[in-house]
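S.K.: Build me a structure from this.
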Amino acid sequence: MYELEDVIKQCVERVARFRRQHQRIGEQNTKASLIEPILGALGWDIVDLDEVHREYRRRGVDNPVDYALLLLRTPRLFIEAKGLGENLDDPRWANQTIGYATMAGVEWVALTDGAEWRVYNAHAPVPIEHKLFRAVRIEDDVDAAIELLSLLSKQNMGDNRIEELWKGFFVDRQVHTELTDLFAGSDPAPELVALLDSRMSRLTREEIRQSLIRARATFDFPMSAAPPQRQAPSAQAYQPSVQQAVPPPALARPTVQSSGLRRPQRASTRVTPDERKLKLADLLAAGRLRPGTTLIARYLGQQHTAELLADGRVRYRGENHNSPSRAGEAVKIALHGRDITGSRKATDGLDFWQAQDAVKGDVVTLKEIRRRVALGEA
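M.R.: Next up, the predicted model:
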């Protein structure tokens, strides 16, 4: 770990020097001076093609990934490198690498310009903008950089330490979304009002509702989710703003402050009636999915694939299913046997399966593609 700290500090000095001299060093020099030293400090043998494969292609016709880090000759992490100072916010960079990783069965992806590192879970069953796990700028906080980058070490990738942390983060983020929805907007969730009404017999439902409108709820979580800002960066965990539909993770007790001001309306993640009306055939007709598209699911640490047919049915292991949910259940039956309990077998197929959006080109859940069609997104 001392070696990693020393290398990161050396990279910080190089970044500062390049910027003082207004040098645009390009992608290849960024790799040599800022990225590969860190890979070496993380325990990867950068001269062994069985560990660090540059310009990696799964198939000869594929576009190459800058680095594939391999364990037992199996890719475990893809790294997309950009020249120092390139705009990592350009969605093309993350989209293309995450999409390729999903197809290749590689769970983890890093995007970096040497000064900033962003780590994504390519297999997370969420829209692509939600797949970001953490990001850090090495100039802002060396300790935070060590904490994140050490998860990408050869040893920790072998022990799957990053997967353990992701599971907690992923659950916390979903809990936070639901908690935020309960308190969001000028019309509090009816179930929240009903819960408080059952516990507060001296107040009317309308009094409780009006109180919730005046309240502001915040949630304090173990891992900071403040996004790094260009003007005043933050180096802990990175999450885009609420407008980008990625809430911060949450777990601990909420604090509620009373205020006479109404809170701004916040985006809801609830499924709308228009979305519920749409079937896979409608997504095909809208051009967001194509017949023959490969559907991908991650379940119990394994990747499963199915084929979307032209009539909206899903073919899994040679059997056609009338809905993605039925196909998802078939995956579970194949793993657990036909004695599987009903509760375990039950599957939301639109969340279970991912596919490439034929318009945007990113790999997202079928539920997210349905949402885009309902909203008429380009």
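
S.K.: for the spatially most central residue of the chain, what are its contacts?
M.R.: Nearest residue to the geometric centre of the chain (C-alpha atoms, centre = their mean): Lys131, 0.8 Å. The neighbours of Lys131, taking C-beta atoms under 8 Å, 6 or more residues apart in numbering as the test, are Ala94, Ile98, Tyr120, Asn121, Ala122, Ala124. For the C-beta atoms, the positions are set from N, CA and C on the backbone; glycine is no exception.

S.K.: cutoff 6 Å now
M.R.: Tyr120, Asn121, Ala124 (C-beta atoms under 6 Å, 6 or more residues apart in numbering).

S.K.: bridging residues for Val65?
M.R.: Applying DSSP bridges to Val65 gives these bridge partners: Tyr56.

S.K.: Verify the stated contact: it with Phe78.
M.R.: Yes. Look at Val65 against Phe78 with C-beta atoms under 6 Å: they come within range, at 4.7 Å.

S.K.: Sheet partners, orientation included, of the strand or helix carrying Ala110?
M.R.: Element membership for Ala110 (DSSP states H and E) is strand 108-112. Using DSSP bridges, the strands paired with strand 108-112 are strand 74-81 (parallel), strand 116-121 (antiparallel).

S.K.: tell me the mean pLDDT for the last one?
M.R.: Averaging the model's pLDDT scores along strand 116-121 yields 94.

S.K.: if we can go back for a sec, I'd like to know which of the contacts of Lys131 is nearest to Val331.
M.R.: Ala124 (17.4 Å; C-beta to C-beta).

S.K.: what separates that closest one from Arg298, distance-wise?
M.R.: 8 Å (C-beta to C-beta, to the nearest Å).

S.K.: who's more crowded, these two?
M.R.: Ala124 (22 against 19; other C-beta atoms under 10 Å).

S.K.: Doesn't that one belong to a helix?
M.R.: No. Ala124 sits outside any helix when classified using DSSP: H, G, I helix; E, B strand; the rest coil, being coil.

S.K.: Quick check: phi and psi on the closest residue to it other than its chain neighbours?
M.R.: Spatial nearest neighbour of Ala124, excluding adjacent residues (C-beta to C-beta, 6 or more residues apart in numbering): Lys131 at 4.9 Å. Dihedral pair for Lys131: phi -80, psi -10, per degrees, to the nearest 10.

S.K.: can you give me the helices in the stretch 101-250 of the chain?
M.R.: Taking DSSP state H, counting those that start in this stretch as the test, the helices found in the stretch 101-250 of the chain are 142-149, 154-159, 161-183, 190-199, 205-214.

S.K.: okay if I get those as JSON lines plus mean neighbour count?
M.R.: Below are these laid out as JSON lines (neighbours: other C-beta atoms under 10 Å):
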{"stretch": "helix 142-149", "mean neighbour count": "19"}
{"stretch": "helix 154-159", "mean neighbour count": "15"}
{"stretch": "helix 161-183", "mean neighbour count": "17"}
{"stretch": "helix 190-199", "mean neighbour count": "13"}
{"stretch": "helix 205-214", "mean neighbour count": "15"}
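
S.K.: Out of those helices, which is closest to Leu69?
M.R.: Judging the helices of the stretch 101-250 of the chain by C-beta to C-beta, what sits closest to Leu69 is helix 154-159, at 7.0 Å.

S.K.: Residues contacting that closest one, please?
M.R.: Identification of contacts with helix 154-159 by C-beta under 6 Å, 6+ apart yields Gly43, Trp44, Leu71, Arg76.

S.K.: ditto for stretch 110-130
M.R.: Under C-beta under 6 Å, 6+ apart, the answer for stretch 110-130 is 15, 30, 34-35, 79-80, 82, 84, 86, 88, 93-95, 98, 101-102, 107, 109, 131-137, 166, 244, 246, 298, 351, 362, 364-365, 368.

S.K.: Export that stretch to CSV, keeping only CA atoms.
M.R.: Provided in CSV are the C-alpha atoms of stretch 110-130 (Å, rounded to 0.1, in the frame of the first residue of the first chain):
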residue,chain,number,x,y,z
ALA,A,110,-12.9,1.9,-15.2
LEU,A,111,-12.8,5.1,-17.2
THR,A,112,-9.8,7.4,-16.6
ASP,A,113,-7.7,10.3,-17.9
GLY,A,114,-5.0,9.5,-15.4
ALA,A,115,-6.1,12.3,-13.1
GLU,A,116,-9.6,11.1,-12.5
TRP,A,117,-10.8,7.5,-12.1
ARG,A,118,-14.5,6.4,-12.5
VAL,A,119,-15.5,2.8,-11.7
TYR,A,120,-18.7,1.2,-13.0
ASN,A,121,-20.5,-2.0,-12.5
ALA,A,122,-21.4,-3.0,-16.1
HIS,A,123,-23.7,-5.8,-15.0
ALA,A,124,-25.9,-3.8,-12.5
PRO,A,125,-29.5,-4.2,-13.6
VAL,A,126,-30.1,-0.4,-13.8
PRO,A,127,-29.8,2.3,-16.5
ILE,A,128,-26.3,3.0,-17.6
GLU,A,129,-26.1,6.3,-15.7
HIS,A,130,-26.8,4.4,-12.4
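
S.K.: That stretch: which residues count as buried?
M.R.: For stretch 110-130, burial by neighbour count (16 or more other C-beta atoms under 10 Å) applies to 110-130.

S.K.: Ok, stretch 351-366 next?
M.R.: 351-357, 360, 362-366.

S.K.: Confirm that Tyr67 lies within a strand, as I assumed.
M.R.: Yes. Counting by three-state DSSP, Tyr67 is found in a strand.

S.K.: Not counting its neighbours along the chain, what's nearest it?
M.R.: Of all residues not flanking Tyr67 in the chain, Ile79 sits nearest, at 3.9 Å (C-beta to C-beta, 6+ apart).
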